[in-house]
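Q: Got a sequence here, can you build the structure:
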Amino acid sequence: MNGDSAGFVRALEVFRRAAAAVPAYADFLCTQGIVPGDVRTPTDFAAVPPVTKANYLHAYPLNELAWGGRIVEAGMWSTSSGSSGRPTYWPRDLTAIEQSYDLHDRFFRQCFASHERSTLVVIGFAMGNWIGGTYTLAGVQHLRSRGHRVSVITPGINVATILENIADLGPYYDQVVLVGYPPFVKDVLDQAPPAVTDQDIRILMAGENITEAWRDYVLARIGKSHHPDHTCLIYGTADAGIMGHETPTTVRVRRAARDDPAFNRALFGDTPVQPTFVEYEPDYRYVETDDAGFLLFTVDTAFPLIRYRINDRGSTITADALRELAAEHVQPFEITTSSTNSAFIALGQRSDIAATFYALKIFPESVRAALERPDLAPMISGKFRLVTETDQTHEQTLHLHVELRADATVEADLVARVRELVVASLTSTNSEYSQLHQTLGERAEPVVALHGFGTDGFVHDIKHRWTGGGA
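A: As a prediction, the model looks like this:
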């Protein structure tokens, strides 16, 4: 890699400006012994310590994270769900907003051709403090100024309202773009009558990985089995907005890899779950991978992020390298990109300790708070495991496996009590889960299973795993 590497010039400029004008980052570099003027090349840049929530974002007052220490640099605020105890606030400035406009323009042209066809956009993200709804609304509204023939409506995460909106308004448009988290989109389509599914439906998603089997299921539901390019998955975060997005090229490559194990291994490595595969713009998101496989992002925004580690693992590949790899393993097909610098991210599974359910992060702390009660102590050990399971119809269920005490005398209503307490804790500590529970009711509640002490995966180990795997 050299100084002309895609995106590096912009990343170095953001680094230098932040070192000079962001109080928190200047202090961070000083405490790390980094002299900004000594950083000139990608190799120098790779030696700059990454910032994280713990060592940087939560270590300084909000205003000191902003340009010039001016909190008003935040034009709009979003929050994460607060599932880890309190919400984390994320600001947007004009630079971030302009980049969002450009990225929305790209995938609405590539996947939906909304510059040519009248389009109703139905946003099924929660319309509160969270980034998904407000960020998408702003991006879609701006599309009109770029020649897109779009109208937008924002029913939020209400299935009945979404179906009503599409049935009533959709027939007046050439197509409908349904926007939401993948499991929720599936919920909507599973309940949709012919008055909805018979329309020209296209799908925009964000929040979590999908499998190609899941995509096939949804495409069949809307009569689009031969049009996987009518779907688009965004890799986005509350921290920095859109990191990357699917294009017809990335979908075609991923499906080719699904059907060719050798190509899949060459592109993604030996991984049990096929990664999300998206295009990204290096001038907007400079991406590196550290020695542990974590993705590091440098982003110019109201709180500039320099070599920021979100705790996502993955890899990057250039368009030229992808062309060569595809030609080696499958029949060559055209690899197109949105710009001359565009490259690709393969996003692996999240490395944090949260369970993912309907794209929400369910953190162990919320469950632990519910189970650490004196009246439950004689019956349960305090250990548990959260697991999200998907059935053959791609329906998600949250399972909570709870370990009993060795000498437990189990009361008849223990399962019901645990379920009630955990739901109460989740709804009070996780605002997004509370919204989901209001929408889905009992379907959002965990299925509780009790296990004998030391059995079914509850073995003594160096560190107990609170999520993933079966108990």
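Q: And the closest residue in space to Phe294 that isn't next to it in sequence, which helix or strand is it part of?
A: Spatial nearest neighbour of Phe294, chain neighbours left out: Arg309 (5.2 Å); criterion: Cβ to Cβ, 6 or more residues apart in numbering. No exception for glycine: its C-beta is placed from N, CA and C like everyone else's. Arg309 is part of strand 305-318, with elements assigned from DSSP states H and E.
Q: which stretches of the stretch 101-250 of the chain form strands?
A: Across the stretch 101-250 of the chain, reading from the start of the chain, the strands by DSSP state E, counting those that start in this stretch fall at 119-123, 150-153, 175-180, 201-206, 231-237, 241-245.
Q: Tell me which of the ones you listed lies nearest to Asp187.
A: If you check each of the strands of the stretch 101-250 of the chain against Asp187 by Cβ to Cβ, strand 175-180 wins as the nearest, at 8.8 Å.
Q: number of nearby residues for the residue lying closest to Ala326 once chain neighbours are set aside?
A: The shortest distance from Ala326 to any non-neighbouring residue, by Cβ to Cβ, 6+ apart, is to Pro332 (6.2 Å). The local packing count at Pro332 equals 11, with neighbours defined by other Cβ atoms under 10 Å.
Q: And Pro332, how far from Arg258?
A: Using Cβ to Cβ, to the nearest Å, we find Pro332 at a distance of 18 Å from Arg258.
Q: can you check Trp214 too?
A: Here the criterion is Cβ to Cβ. By it, Trp214 lies 12 Å from Arg258.
Q: Would you mind confirming that Asp93 makes contact with Glu73?
A: Yes - using Cβ atoms under 8 Å, Asp93 is in contact with Glu73, at 5.6 Å.
Q: Between those two, which contacts overlap?
A: Between them, Asp93 and Glu73 share the neighbouring residues 67, 302, with contact defined by Cβ atoms under 8 Å, 6 or more residues apart in numbering.
Q: Would you mark the buried spots in the strand holding Arg309?
A: 305-310, 312-318 (16 or more other Cβ atoms under 10 Å).
Q: That one - contacts with which helices or strands?
A: In terms of contacts (3 or more Cβ pairs under 8 Å, 6 or more residues apart in numbering; DSSP states H and E), strand 305-318 is packed against helix 8-21, strand 286-289, strand 294-299, strand 343-350.
Q: Kindly export that strand (C-alpha atoms) in PDB.
A: Listed next in PDB are the C-alpha coordinates belonging to strand 305-318 (Å, rounded to 0.1, in the frame of the first residue of the first chain):
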ATOM      1  CA  LEU A 305     -13.500   8.900  13.900                       C
ATOM      2  CA  ILE A 306      -9.900   8.000  13.200                       C
ATOM      3  CA  ARG A 307      -9.100   4.200  12.900                       C
ATOM      4  CA  TYR A 308     -12.300   3.500  14.800                       C
ATOM      5  CA  ARG A 309     -12.900   0.000  15.900                       C
ATOM      6  CA  ILE A 310     -16.600  -0.900  16.100                       C
ATOM      7  CA  ASN A 311     -15.800  -4.500  16.900                       C
ATOM      8  CA  ASP A 312     -16.900  -5.800  13.500                       C
ATOM      9  CA  ARG A 313     -14.600  -8.300  11.800                       C
ATOM     10  CA  GLY A 314     -14.100  -8.500   8.100                       C
ATOM     11  CA  SER A 315     -11.900  -7.900   5.100                       C
ATOM     12  CA  THR A 316     -11.700  -5.700   2.000                       C
ATOM     13  CA  ILE A 317     -11.000  -6.400  -1.600                       C
ATOM     14  CA  THR A 318     -10.400  -4.100  -4.600                       C
END
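Q: Now do it: distance to the chain's middle.
A: 13 Å (Cα atoms, centre = their mean, to the nearest Å).
Q: which one is Leu426 nearest to, not counting chain neighbours?
A: Tyr433 (4.7 Å).
Q: from memory the one you found sits against Lys361, does it?
A: No - the pair Tyr433 / Lys361 is not scored as a contact, 9.1 Å apart, by Cβ under 8 Å.
Q: neighbour-wise, which of these two wins?
A: Relative neighbour count places Tyr433 above the other of Tyr433 and Lys361, with 26 against 21, counting by other Cβ under 10 Å.
Q: what helix or strand is the more buried one on?
A: Here Tyr433 is assigned to helix 431-440, by DSSP H and E.
Q: returning to that earlier point: take the buried residues of strand 305-318 and write them to JSON lines, including distance to Phe107 and pLDDT.
A: Output for the buried residues of strand 305-318, formatted as JSON lines (distance: Cβ to Cβ, whole Å; pLDDT from 0 to 100):
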{"residue": "Leu305", "distance to Phe107": "23", "pLDDT": "97"}
{"residue": "Ile306", "distance to Phe107": "27", "pLDDT": "98"}
{"residue": "Arg307", "distance to Phe107": "26", "pLDDT": "98"}
{"residue": "Tyr308", "distance to Phe107": "23", "pLDDT": "97"}
{"residue": "Arg309", "distance to Phe107": "26", "pLDDT": "95"}
{"residue": "Ile310", "distance to Phe107": "21", "pLDDT": "89"}
{"residue": "Asp312", "distance to Phe107": "20", "pLDDT": "89"}
{"residue": "Arg313", "distance to Phe107": "24", "pLDDT": "89"}
{"residue": "Gly314", "distance to Phe107": "19", "pLDDT": "93"}
{"residue": "Ser315", "distance to Phe107": "22", "pLDDT": "95"}
{"residue": "Thr316", "distance to Phe107": "19", "pLDDT": "96"}
{"residue": "Ile317", "distance to Phe107": "19", "pLDDT": "96"}
{"residue": "Thr318", "distance to Phe107": "20", "pLDDT": "96"}
